[in-house]
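> I'd like to go over a predicted model; first the sequence, then the structure.
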Amino acid sequence: MKQFLYTSLILIACQIQAQQSDFSHIDFQKADSLALAYQGADLYDLQELSNKLTTGLTTDAERFRAIYYWVCTNIKNDYSQYSKNKRKRQRFQSDSLKTQNWNSELKKDVFRKLIKHKKTICTGYAYMVQELASLANIPCEIVHGYGKTSTNLISDRDAPNHTWNAVKLDGKWYLCDPTWASGIQNPETGNFIFQYNDGYFLSNPTLFAINHYPKDTKWLLLDDKAPTFNEFLEAPIVYGNAYKSLETHNKPKMFHNTIKKHETIAFSYTLKKPVSNNSIRLLIDNGTNNRQVTPKNIQITDQKLTLEHQFNNTGFYDVHLMIGEEYISTYTFEVKG
Amino acid sequence: MKTTKTMTTGTQEQKKVQTEQQSALKKQYHWPFDLNTKSVKKIISSFILVMLAFSFSNSMQAQNNNGLTINGIVSDENGPVDQVTITLKGTETRTISDKKGMFTFPEALKENDVLVFSHLGYHPQEVTINKDAPFVKVQLDSETIEILGALHSNKPYKSKRKK
């Protein structure tokens, strides 16, 4: 019993830490448990579902949270539909009419599958969040654009491939990505596994812009600090786990870096939650083997994490930042003599 | 002879004892268990009568309000659309179109009531009720949506190298 109490206390504590700082005064526990209470509810009457998910919650942030959390924990990612769509889109890339036809054919199928089987691809997630939020009178937009992952690096010839949401709470716009928050693909079976990642809820726009670039740049929500599309293409890879532990990613700005032998590189991040110095490592892969390195000058002051590494041998390296066992970000370094 | 006489008195006595026992048992019960079946039947039938009267009065009321029973069909450019939510604006009353896109609104409506038709992927549409047109035909406009999907992956990046 005691053990149970302690673990639940720890869980609650973790959850509070993981929230967006603007709403740190709100405990989303109530919203989350309301969403859990309707686990498995069907999608035939969206107004009713939206009402159920928001009744008794007083703030828009909590009401939106219940909707978002419900979608993330009830809708599966449909990989067969994803790969079919990707194939067709690539084939029709130069033919806009064919793409259009394929799109309208797919659309019917997507919404039917979503409602009947609660299975979809990004656009379905974003539409479901928007629809349920609108039915609860919360302003919410669908944002189309580019999503960058370790297995899908974007080039300037690619068409937009991802959809997410912007939501207006207390007069301010926020970003969230229900698709990536819901779970990941099991690397062995290829099936979808629910694995809720709270980091994609009301994420820091600076971090979000490293792997999300909207077609309409106003949805970067960064005004004069907005990166260009080129800067986005050149940005490092950040993983889902980065959203759990980082508030922002500051340095290095580039994914591919060319440096000189014996050059020291500075890495800089803003942390979301405290981490211990000895959990921070760099995993360096030279193509034949991996080695773990404890970086130099690890400093954590006021949530700001800085560290350094000196490259003493020429070669081409994949460098991963690790916190504990989790991959946070990846860069490549070409070290020349 | 004697023996038979005693036997009959014996059985009479037994009966007496039995009836006494039965009445004693009855006294232990309380209402409504001591009712006989006849009165139970009476109660049930009168209850049903009252229920029927109520249901009739309800439908009478609806008719008195000049309520309109609204039927209709929902379609898009490709034909009937099912699973469309049809809500009476400003209320919680709603229904859903069936596989043929057909619906019957569950509540009698008045002139100038507004029905809202909504479905994922379509622009919501409002229809004002006209008492001369109790059959509503609605064509929904599809939103222009691009269907996209990017997979999430926790797989660590690995550079492709020349060998």
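Received the coordinates, thanks. Numbers count the residues shown, from 1 in each chain, chains lettered A, B, ... in the order given.
> could you tell me the end-to-end distance of stretch B:78-95?
Stretch B:78-95 has an end-to-end distance of 22 Å (C-alpha to C-alpha, to the nearest Å).
> please see if that stretch touches chain A.
Yes. Judged by C-beta under 8 Å from any C-beta of the partner chain, stretch B:78-95 and chain A are in contact via B:78, B:83, B:85, B:87, B:92, B:94. Quick note: C-beta positions are derived from backbone N, CA and C, even for glycine.
> among those, which ones are in helices?
Judged by DSSP state H, helices contain none of the residues of stretch B:78-95 next to chain A.
> max pairwise distance over those: which two?
B:Asn78 and B:Glu92 (30.8 Å; C-beta to C-beta).
> does chain B sit close to whichever strand or helix holds A:Thr73?
For A:Thr73, the host element (DSSP states H and E) is helix A:60-74. No. For helix A:60-74, no contact with chain B is found by C-beta under 8 Å from any C-beta; the gap never falls below 11.7 Å.
> out of the residues of stretch B:78-95 next to chain A, who's nearest A:Leu49?
Nearest member of the residues of stretch B:78-95 next to chain A to A:Leu49, counting by C-beta to C-beta, is B:Thr85, at 10.4 Å.
> ok, that closest one - how many residues close by?
Applying other C-beta atoms under 10 Å in any protein chain shown, we find 21 other residues in the vicinity of B:Thr85.
> now it, nearest residue through space, not along the chain?
Once flanking residues are discounted, B:Thr85 sits nearest to B:Ser118: 5.2 Å by C-beta to C-beta, 6 or more residues apart in numbering or on different chains.
> and the residue of the stretch 201-337 of chain A found nearest chain B, what is it in contact with?
Taking C-beta to the nearest C-beta, chain B has its nearest neighbour within the stretch 201-337 of chain A at A:Thr330, 4.4 Å off. Each residue near A:Thr330 by C-beta atoms under 8 Å, 6 or more residues apart in numbering or on different chains is listed here: A:150, A:236-237, A:239, A:255, A:318-321, B:156-157.
> related to what we said a few turns ago, just the buried subset of the residues of stretch B:78-95 next to chain A, please.
B:83, B:85, B:87, B:94 (16 or more other C-beta atoms under 10 Å in any protein chain shown).
> could you save the residues you listed as a markdown table and add columns showing pLDDT?
Output for those, formatted as a markdown table (pLDDT from 0 to 100):
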| residue | pLDDT |
| --- | --- |
| B:Gln83 | 82 |
| B:Thr85 | 87 |
| B:Thr87 | 88 |
| B:Arg94 | 86 |
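> could you say which helix or strand holds B:Lys99?
Going by DSSP H and E, B:Lys99 is not in any helix or strand.
> tell me the domain ranges of the chain?
In the absence of a named chain, this looks at chain A. Per the record, chain A has its domains at A:72-235, A:250-336, by automatic domain parsing.
> nope, chain B please
B:2-62, B:71-139.
> and A:Ile51, what does it touch?
Quick fix: residue A:51 is Asn, not Ile. By C-beta under 8 Å, 6+ apart, the contact list for A:Asn51 reads A:135-136, B:92.
> meant to ask about A:Lys172, not that
Neighbour list for A:Lys172: A:Asp22 [criterion: C-beta under 8 Å, 6+ apart].
> could you rerun that using 10 Å?
Contacts for A:Lys172 (C-beta atoms under 10 Å, 6 or more residues apart in numbering or on different chains) come out as A:22, A:202, A:221.
> narrow these to those in helices?
Short answer: the contacts of A:Lys172 have none in helices (DSSP H).
> just the buried residues out of these, in ChimeraX syntax.
To isolate the buried members of the contacts of A:Lys172 in ChimeraX, using 16+ other C-beta under 10 Å:
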select /A:202,221
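> distance-wise, check the closest residue to chain B within chain A relative to A:Leu114.
Of all residues in chain A, A:Ile121 sits closest to chain B, at 2.9 Å by C-beta to the nearest C-beta. According to C-beta to C-beta, to the nearest Å, A:Ile121 stands 9 Å off from A:Leu114.
> and if you look at A:Tyr331?
A:Tyr331 is 37 Å from A:Leu114, where distance means C-beta to C-beta.
> chain center to stretch A:91-106: distance?
Distance of stretch A:91-106 from the chain centroid (C-alpha atoms, centre = their mean, to the nearest Å) equals 28 Å.
> A:Gly315: neighbour count?
Residues near A:Gly315, counting by other C-beta under 10 Å: 15.
> what residues are bridge-paired with it?
Beta-bridge partners for A:Gly315, by DSSP bridges, are A:Val335.
> and the helices in chain B?
For chain B, applying DSSP H gives helices covering B:2-28, B:37-64.
> which stretch in these has the least confidence?
Per-stretch averages of pLDDT across the helices of chain B put helix B:2-28 at the bottom, with a mean of 55.
> in chain A, spot the helix with the most residues.
helix A:96-117.
> show me the shaky parts of the stretch 1-150 of chain A.
By pLDDT under 70, the low-scoring segments of the stretch 1-150 of chain A are A:1-19.
> how about the helices of it, start to end?
Along the stretch 1-150 of chain A, the segments classed as helices by DSSP state H, counting those that start in this stretch run A:2-17, A:29-37, A:46-54, A:60-74, A:79-91, A:96-117, A:122-135.
> do a quick rundown of the strands in the stretch 201-337 of chain A.
Along the stretch 201-337 of chain A, counting by DSSP state E, counting those that start in this stretch, strands occupy A:212-214, A:237-238, A:246-251, A:256-260, A:264-271, A:280-285, A:290-293, A:296-301, A:304-310, A:315-323, A:326-336.
> what about residue 111, how many neighbours?
Reading this off chain A. Neighbour tally, A:Phe111, other C-beta under 10 Å: 24.
> that's the wrong chain, I wanted chain B
11.
> please apply the same query to A:Asn103.
19.
> go on, B:Asp132?
Considering only other C-beta under 10 Å, B:Asp132 is surrounded by 6 other residues.
> can you tell me the closest non-neighbouring residue to A:Asn278?
Looking at A:Asn278 with C-beta to C-beta, 6+ apart, the closest residue is A:Thr294, at 7.7 Å.
> wait, what's in contact with the one you found?
So A:Thr294 contacts A:277-278, A:280-282, A:307, A:309 (C-beta under 10 Å, 6+ apart).
> helices or strands next to the helix holding A:Thr73 in the packing?
Helix A:60-74 is packed against helix A:29-37, helix A:46-54, helix A:122-135, strand A:140-147, strand A:162-169, strand A:172-176, helix A:178-182, strand A:192-194, with contacts defined by 3 or more C-beta pairs under 10 Å, 6 or more residues apart in numbering or on different chains; DSSP states H and E.
> please produce JSON lines containing these, extended by distance to B:Ile129.
Shown next, in JSON lines, are the helices and strands packed on helix A:60-74 (distance: least, C-beta to C-beta, whole Å):
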{"stretch": "helix A:29-37", "distance to B:Ile129": "35"}
{"stretch": "helix A:46-54", "distance to B:Ile129": "19"}
{"stretch": "helix A:122-135", "distance to B:Ile129": "22"}
{"stretch": "strand A:140-147", "distance to B:Ile129": "30"}
{"stretch": "strand A:162-169", "distance to B:Ile129": "33"}
{"stretch": "strand A:172-176", "distance to B:Ile129": "38"}
{"stretch": "helix A:178-182", "distance to B:Ile129": "37"}
{"stretch": "strand A:192-194", "distance to B:Ile129": "44"}
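> which residue, other than its chain neighbours, is closest to B:Lys89?
In space, B:Lys89 is closest to B:Val114, 4.0 Å off (C-beta to C-beta, 6+ apart).
> against A:Leu175, how distant is that neighbour?
B:Val114 is 34 Å from A:Leu175, by C-beta to C-beta.
> burial check on A:Gly171, number of neighbours?
When neighbours are counted by other C-beta under 10 Å, A:Gly171 registers 7.
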